[in-house]
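> Just to be clear, the model below is a prediction. Sequence and coordinates:
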Amino acid sequence: MTHTSDKSSAYSQGITIFVYLAVLTALEFFVAVTIGFVQIMVAVAVVKAALVMYYYMHIYKLNNDNEGEENSYEYKTGTNRLGLWLFLLSDSFVFGALLVVRFNLLGMTRPPLSQTLGLIVTAVLLISSFFMNRAEVAIENGDRKGFKTNIIITLVMGIGFLLGVVGVEWPNAIAEGVWASKNTYGAVFFMMTGMHAFHVLTGIIFLLIVLRNGSRGLYDEKHYPVEAVAVYWHFVDLVWIFFYPALYLIGVLSS
Amino acid sequence: MRHFIVVGVLIIVMAFATYFGLTSLGLMPVAASAQAGSISQAGSIDWMWNLQMIAMSFLFALIAVPIGYSLIMFRRKKGDTTDAEHIEGNTALEITWTVVPLFIVVAFAYFGAYSLSETLRADPNAMVIKVMARQWSWSFEYPQAGVISNELYLPVGKQVLLKMESPLDGVLHSFFVPEFRMKQDVVPGRVTEYRVTPTLEGSYKVRCAELCGTSHYNMESPVNVVSQKNFDAWLNARQVEAQAAKTPEGAGQLLVAANGCTGCHSLDGKAGVGPTWQDLFNSQVKLADGSTVTADEAYLTESIAAPNAKVVEGFQPAMPQYPFTPEEIANLVAYIQTLK
Amino acid sequence: MMKNMNPVWRGLLFLVLFGLVGYALGLGVDFLVVRSLRFSGSVPSLFTLLLGFTAFFFGLFGYRGITRGLVWQVVGTLLGGFFVAGIRAIMGLSAFGDFFFTEPSWVFGAFVGAISFIFGVGAVDDWVKWARGIDTPEEHEEHYHGWEKYFAVSLDHKVIGIQYTVTALLLISIGGLFALIFRTELAQSSLQFLTLDMKLFGQNGPQLYNTLMSLHGMIMIVSILLGVAGIMNYVVPLLLGAQDMAFPRLNAFSFWVAVPASVLLLMSLVLGGFDTGWTAYPPLSARAPVGMQMFFLGVFVAGWSSILGGLNIVATVLRMRAKGMTAFRMPILVWASIATSIISLTATQLIGLSFQLVMFQRLFGMGFFDPAKGGNPVLFQHLFWFYSHPAVYVFVLPGLGVISELLPVFSRKPLFGYKWIAMSSLGIALVGFLVWAHHMFTSGMNEYLRVPFMYSTLLVAIPTGVKFFSWVATLWKGKIETPTPMLFVLGGIVVFLLGGLTGPPNATVSVDLHLHDTYFIVGHFHDTIFGGFVFPFFAALYYWFPKATGRRMNETLGKIHFWLMTPAFFALTLGMMRIGLLGMRRRIVDYDPTMGFDTYHLMLTVMGYLIALSVLIFIYNFFNSINNGEKAEGNIWNSRSPEWQVPSPMPTHNYDQPFEVVGEPYDYGLAGSKYVQFIEKKK
Ligand code: HEA
Ligand code: HEA
Ligand code: CUA
Ligand SMILES: [Cu+2]
């Protein structure tokens, strides 16, 4: 499957990728609860990440927009795209380091967290990515109304994720004895989810901004801002693709 | 061609001059351990350092001499405004000066690994000594003899294995004796090891080499390398003392040694981070809040159990809280009472 | 009268007046909180610092630009502090502490203060407009002219480059001043004036020594990052033929965050200090005074500057090159900048995270590095050095780039082995990512890691060697001239050689067991830093100064600067290495007199003062030449580089005519060859 640009095939591509991702997540979960084979889980996460990067974040676009005069909108957009990706590269070092901290301190054990909740928030974030993709396709095809609906759904799911983590997951973890100040399980769990939630929060702010400006028709012609927010949003999802197994699936439960 | 010959000769002269000039200065302190060794003892640290000196002297000359030579010989003549010859590069040369250093590096990697393994070579019969590093004092425990001391005594010619610890709520320190050429950090929450075979009798000092706070500079303790006979005698005397620890004052004195109180408190009237203990008992102590108390047993007990409850005038509330049992505190107080 | 005064004098007058007012205010606050007057306490000093600093810029520049930023920072800090104090009061916790606020108040306040600065100074105005859906003009106009434009937000990369450079010089002076203070203490064994009874900023002598020494390290390092950014910002777009950087607003942002960051670093001095060295290892850093938090925050914020600056350089080089400038026709400094920027873009995140983790350990009791809670102190060192080793190549790669850039000009010969030098920069940067644990050979990390890290470290010698040999070959049979910039280039090469060659002994584990944490290391890194950064930095300043101002710096003073600094510097570092080998430990306020180091230390102190004197001469020369230097508007160095083909000072929008690259950059001596060709504008 290659990348497409006309609207309906772009929509259906979004759906296909979403189904792949959902199935892979289910597989990951299944592996975790049955054989607990870490290599498979890592491999699944990597495949998911690759799918997101290629189909949702269009990493290939870095390659194909050298056209356009200098100072033209196309050329500048290409530069902006590069800038954003460089920023994400930089940011991923933080998340990478957090994974290192997690494996250094906890090794092959994991904190006692509610599996159901974990699966639910993961699903919510994944679905929000799906709608983000639809919003982007909509605005690229001049469909302002579709854009609005989809962005709002994304926003709601994003806020839901945030509330789920901070409002439900955190108290639940505390109830299980995973305190930030009690042991390294708590420290690692709160640091990782907190850092990720902070990124979700900034993503929500960006979503609000493009929602407001987009509904006023600002992006009907020049829709790079929406693409940028989409890439950022998918990146936050991408991070969770690795954080989820690291926090919930890999390793044996600590007593 | 003439240029190359002259420079070549100069490089060799300069390399030798640098090497012999530097080594004649006596760059290292005396070597007092088998690990430090000497330049002729293959695998030892001084041997390795000497190889480094040779390489450094040569490489320094190799670069510095042609630069100096060019500066003198290839200066622009007055009034000349032309450019120099157009030479862009030379792939063969570039490859040479990539590959030759690569060989040097590989050689040094080999020597380095060899030297490290020699340095770490373990003697299964090494004598174990436990080291406790605190802010800011060292204490040494000889487990077989049941002796705890503020000074480290080592028998000459025998490998010892120091098992080093810092309290769980402590900080990093580093055990460093320049004459032994080695150091090893002490990390709270784990036991680190330091193996050394002293070879030269004498008095040295362990100097803490990891910044550990205000008095880091002062965290030094004597290290005495003595003959086996003197060592046994010393250990015996300490054991006799330990017997004395059956009395409260004696036990207190041992606790003082083990906890490094004397890092801050002197016994002879000198000022330190904390007040001296000489003539402390029953004296009048001025406190920071302006009041005065008598240093009776109750006050001393409180000062140790809750150091910051009453702070002596002119001092910081810097004293750590120790997890002593009431009995231990009583022993400490008994000991302090004896200090006149 | 005030109105007609020279702004600089007015600024200084304000500094003194408001400094005193701040001190009195601080005493008052202290009295209210702790009910006693602490003349040597930290709160009065803090108020002196903040008020004096702000008032200086107020007198100089009025309430706009940087002054507004500073006022907002002070107000933001106080508001943030009171906010947390209020919350704590409601929760029944103590609202105020030893340093007026409690630690959480300070951290939150300082953070809010830094953000407020950015808004106050106006560095994000355009972004806020964009978010509100308002477009801003592409062709930005300057609001200020002459010297004034350096004190407010400007989007011009040349202005930003100069802002960076001057800030770096200021920080070098402050860091150098700290060095002079603690070197004076070290001139003799036993405690001279930093004694146990001496109190300043609420710290006693040895503690103050540690604070000054640690701040010396970190302020110098930040100043290097800013100096590097200054050179790259000014020169790289010119070399590429670009109008500006790829992201001008981000560029301004990167510079302006460095200002509140510097203020935060200085605040750490007056908030109890911190006695951990610039490396801030826990557990010690988890219990140092509040100053530690200011240090962490300051470095954290300065890190943004570095990350975003690096991002901008990478994007600029990839997207803004002139026509015909293929990868291997880029000037060599551009290669060096790219290599540097890759490191600062990625690795910097790790020092930020490691500091953040310690901050959280202090604030929320999260036990990452607390062994009592199952944490691992050595983990911090891994995270820290994963940045801080590659960072040392951030310091030197641009400097080595400057050396490679200037050598051909002054020996009138092509750069020998251009491609090899270009690739060696990348090689150093990439191998540099794999060597960090050589700082931890004695740390108690897993023993089996020591040998691989020894190998990888030794490998760095190879690409570095390629540079050295190629430089020698460039000089060989050249027609060498030695004006001041070339003197600094040559000095830099030899000093860096000395520093570089003392690297492999450190990398050899068994020898490092002896060398680690001694003055040998101190000598090693002053050599590498001076050779790789300070000398080339001065060379660059002397070289490009005429480009920026249309005048050149005084040659005689330049030569005096060089001939004073170089011998003094050699004596300084060789002396450091000598006593280091004999067992002189780092980071100690006093040393054992029986070791016989007194004479050496006295010599080191004198040399430190001589270097400072030479830098003072430079600073005088620099500021004096802006208006009084000899006019130099043409291609005074007879260089092939594009920026010298147009008149100085550089026009506001760089090149009026775009140029096309038609040849190799360094083809000196090839008759009729040209590097760039200006394209006639089509009318
Ligand atoms: C500008 C900064 C800079 C640079 C460029 C370097 C370059 C190098 N450094 Fe340095 N280093 C520091 C700054 C720098 N360092 C600082 C700040 C510290 C202390 C931090 C602290 O603890 O506070 C430190 C500490 C430090 C240590 C830790 C010591 C310790 O604390 O125990 C080590 C150990 O391996 C080391 C090694 C090296 C090596 C191998 C290089 C190499 O890159 C050098 C390569 C160059 C050459 C080798 C010379 C030229 C080459 C040739 C002529 C070719 C032929 C040569 C051979 C075949 C050998 N450095
Ligand atoms: C850019 C980097 C840089 C530079 C330039 C310097 C410059 C100097 N350094 Fe620095 N140094 C470090 C980086 C640097 N250092 C680092 C990273 C450490 C490690 C810290 C740690 O262990 O944590 C260190 C540690 C260090 C030590 C070890 C301290 C210890 O371990 O206890 C010593 C000791 O002598 C020292 C000395 C000096 C001296 C004498 C200079 C001289 O060259 C200074 C010369 C003076 C100036 C350049 C300023 C001149 C200007 C003025 C005097 C004008 C002042 C005017 C106004 C403010 C208006 N340095
Ligand atoms: Cu203990 Cu330094
Ligand atoms: Cu390093």
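Yep, it's here. Only a predicted model underlies this, so the values are computations on that prediction, with no experimental measurement involved. Residues are numbered from 1 along each chain as shown, chains lettered A, B, ... in the order given. Ligands and ions are numbered 1, 2, ... in the order given.
> Tell me where chain A has helices.
A:7-33, A:38-51, A:73-106, A:115-140, A:144-163, A:170-175, A:184-215, A:224-244 (DSSP state H).
> Make CSV out of those helices and add distance to C:Gly596 and mean pLDDT.
Any C-beta I mention is one placed from the backbone N, CA and C, and that applies to glycine too. Putting the helices of chain A into CSV (distance: least, C-beta to C-beta, whole Å; pLDDT from 0 to 100) gives the following:
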stretch, distance to C:Gly596, mean pLDDT
helix A:7-33, 65, 84
helix A:38-51, 58, 89
helix A:73-106, 44, 92
helix A:115-140, 65, 89
helix A:144-163, 65, 92
helix A:170-175, 60, 88
helix A:184-215, 47, 93
helix A:224-244, 57, 93
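> With just CA atoms, put stretch C:629-636 into PDB.
Provided in PDB are the C-alpha atoms of stretch C:629-636 (Å, rounded to 0.1, in the frame of the first residue of the first chain):
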ATOM      1  CA  GLY C 629      39.300  51.300  15.000                       C
ATOM      2  CA  GLU C 630      41.000  51.600  11.700                       C
ATOM      3  CA  LYS C 631      38.600  51.600   8.900                       C
ATOM      4  CA  ALA C 632      38.400  48.300   7.000                       C
ATOM      5  CA  GLU C 633      35.700  48.000   4.500                       C
ATOM      6  CA  GLY C 634      37.100  45.700   1.800                       C
ATOM      7  CA  ASN C 635      38.400  42.200   1.700                       C
ATOM      8  CA  ILE C 636      41.100  42.900   4.200                       C
END
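> follow-up on the earlier one: which of the helices of chain A sits most buried?
helix A:224-244 (a mean of 23; mean count of other C-beta atoms under 10 Å in any protein chain shown).
> before we move on, back to that, which of the helices of chain A sits closest to ligand 2?
helix A:73-106 (22.7 Å; C-beta to the nearest ligand atom).
> Between helix A:184-215 and that closest one, find me the angle.
For helix A:73-106 against helix A:184-215, the angle by axes from the mean of the first three to the mean of the last three C-alpha atoms, to 10 degrees is 160 degrees.
> can you tell me the residue of the stretch 151-255 of chain A closest to ligand 3?
A:Thr184 (25.6 Å).
> what about stretch C:195-202, distance to the chain center?
29 Å (C-alpha atoms, centre = their mean, to the nearest Å).
> buried sites along it?
C:195-196, C:199-202 (16 or more other C-beta atoms under 10 Å in any protein chain shown).
> Now it: average pLDDT?
Averaging pLDDT along stretch C:195-202 yields 80.
> the bottom helix or strand of chain B by mean pLDDT?
helix B:248-259 (a mean of 82; mean pLDDT, DSSP states H and E).
> re the thing from before, the residue of the stretch 151-255 of chain A closest to ligand 3 contacts C:Gly374, doesn't it?
Yes: the pair A:Thr184 and C:Gly374 passes the contact test of C-beta atoms under 8 Å, sitting 4.4 Å apart.
> Can you check which residues contact both of these two?
A:105, C:367 (C-beta atoms under 8 Å, 6 or more residues apart in numbering or on different chains).
> Going by proximity to ligand 2, name the top residue of chain C.
Closest point on chain C to ligand 2, by C-beta to the nearest ligand atom, is C:Gly176, at 2.1 Å.
> That residue belongs to a helix, doesn't it?
Yes: per DSSP: H, G, I helix; E, B strand; the rest coil, C:Gly176 lies within a helix segment.
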